[in-house]
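Q: model this:
(one chain, ligands or ions: 5)
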Amino acid sequence: MIPDPLNQSIEWGMTYVTFAPSKRVRPLLVLKAHEIFSKPDDDCYLLASAIELIHTYSLVHDDLPCMDNDSVRRGLPTLHVLKNEAYAVLVGDALLTRVMGILARYSKSHHLNRILQTVYKKAGDQGMIYGQYLDMEGENRNLELDAINEINENKTSRLLELSLLLGGINAGASDPVLNQLEDLGKIFGLLFQIKDDILDIEGDASVIGKPVGSDESNSKSSIPLIIGMDQAKKLLNEYKIEAQDLIRQLPSNRDFFNHFVDFLISREK
Ligand code: IPE
Ligand code: IPE
Ligand code: MG
Ligand code: MG
Ligand code: MG
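A: Ligands and ions are numbered 1, 2, ... in the order given. Below you'll find the model as predicted:
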């Protein structure tokens, strides 16, 4: 049962959206990237929670009436529906700000500068936020495939790249391996977003925990909407082959990453 949201604090809203059922894909990738080199340590768990909060804030803002205007997220009413828009904006802001509190507890001072730079670059105005901006600018336009790929690379790949990079940086990976992880994160994001767009058309709202048909009702140009469902599914398999090529070059943990690619393609939520 959902308690009366009218009397709740900002922290209540942060907990409500963060602990609603979700896949935790980004924190998992932080841990699994670290595991290529060694067993994840406490710092790795801090980084994993930080990226999940960045992702969660992006969802709260993505659902706002001024963006995708969606009323269900992670199987629950969105915060602006439950209470009001100002509350949802502030809960999103608070989730992002909490990340600073988490990163302040990071113990390896020799990695901290690089971690902060990477978080800024991938999540900020040159990364995920830029993708969200392009996505909104693209509404009511007939975008070409290249333009949609640019949106997807920014709004979705950047946080998956960030996940793998954070695990790698924390584990002390070399620059060439970090570059491989970054390339892999980009493909994961493209796969992830095409599948998300497919589920937006043929998914089951009660399984995906968010509305179906949101892209079409917002006049977005998604890949399956512009090239058709069959071609979009073919594209998933082309990206799968690219991902497998990159995974083959990883020093270890290849089985996990291959299974993860299968999950990205077959997932129903
Ligand atoms: C949804 O992300 C937003 C996209 C980038 C498509 P997820 O599908 O990972 O959402 P949760 O975290 O499981 O709710
Ligand atoms: C959102 O893409 C990506 C981010 C929040 C950065 P979508 O708008 O397709 O995500 P859903 O379908 O609402 O989860
Ligand atoms: Mg969106
Ligand atoms: Mg959306
Ligand atoms: Mg979507």
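Q: my read: Leu165 touches Glu182, true?
A: Yes: assessed by C-beta atoms under 8 Å, Leu165 is found in contact with Glu182 at 6.0 Å. (Glycine included, C-beta is placed from N, CA and C.)
Q: Have a look at the two and say which one is more surrounded.
A: Per other C-beta atoms under 10 Å, whichever of Leu165 and Glu182 has more neighbours is Leu165, with 26 against 19.
Q: which residue sits closest to that one, ignoring its sequence neighbours?
A: Thr118 (5.4 Å; C-beta to C-beta, 6 or more residues apart in numbering).
Q: Quick one: neighbours of whichever residue of the stretch 101-250 of the chain sits closest to ligand 3, just the number.
A: Residue of the stretch 101-250 of the chain nearest ligand 3, by C-beta to the ion: Asp135 (5.4 Å). By the other C-beta under 10 Å criterion, the neighbourhood of Asp135 contains 24 residues.
Q: residue contacts, it?
A: Ile151, Lys155, Lys220 (C-beta atoms under 8 Å, 6 or more residues apart in numbering).
Q: List, one by one, the residues from the stretch 1-150 of the chain near ligand 1.
A: The stretch 1-150 of the chain comes close to ligand 1 at residues Ser22, Lys23, Val25, His55, Arg74, as judged by C-beta under 6 Å from any ligand atom.
Q: Quick check, the second one in contact with Leu264.
A: Just to be clear, that refers to Lys23. No: using C-beta under 8 Å, Lys23 is not in contact with Leu264, being 10.5 Å away.
Q: Of those two, which one has the most company?
A: Taking other C-beta under 10 Å, Lys23 and Leu264 do not tie; Leu264 has more neighbours (23 against 12).
Q: Arg141: which of the residues of the stretch 1-150 of the chain next to ligand 1 is nearest?
A: Proximity of those to Arg141 (C-beta to C-beta) peaks at His55, which lies at 26.5 Å.
Q: now check the helix or strand containing that closest one, is it near ligand 3?
A: For His55, the host element (DSSP states H and E) is helix 42-62. Yes: using C-beta under 5 Å from the ion, helix 42-62 reaches ligand 3 at Asp62.
Q: That helix: which residues count as buried?
A: For helix 42-62, burial by neighbour count (16 or more other C-beta atoms under 10 Å) applies to 43-48, 50-62.
Q: Are that helix and ligand 5 in contact anywhere?
A: No: Helix 42-62 lies apart from ligand 5 when judged by C-beta under 5 Å from the ion; the minimum separation is 8.5 Å.
Q: tally of neighbours for the residue of the stretch 51-200 of the chain found nearest ligand 1?
A: Relative to ligand 1, the nearest point of the stretch 51-200 of the chain is Asp196 (3.8 Å; C-beta to the nearest ligand atom). Asp196 is flanked by 18 other residues according to other C-beta under 10 Å.
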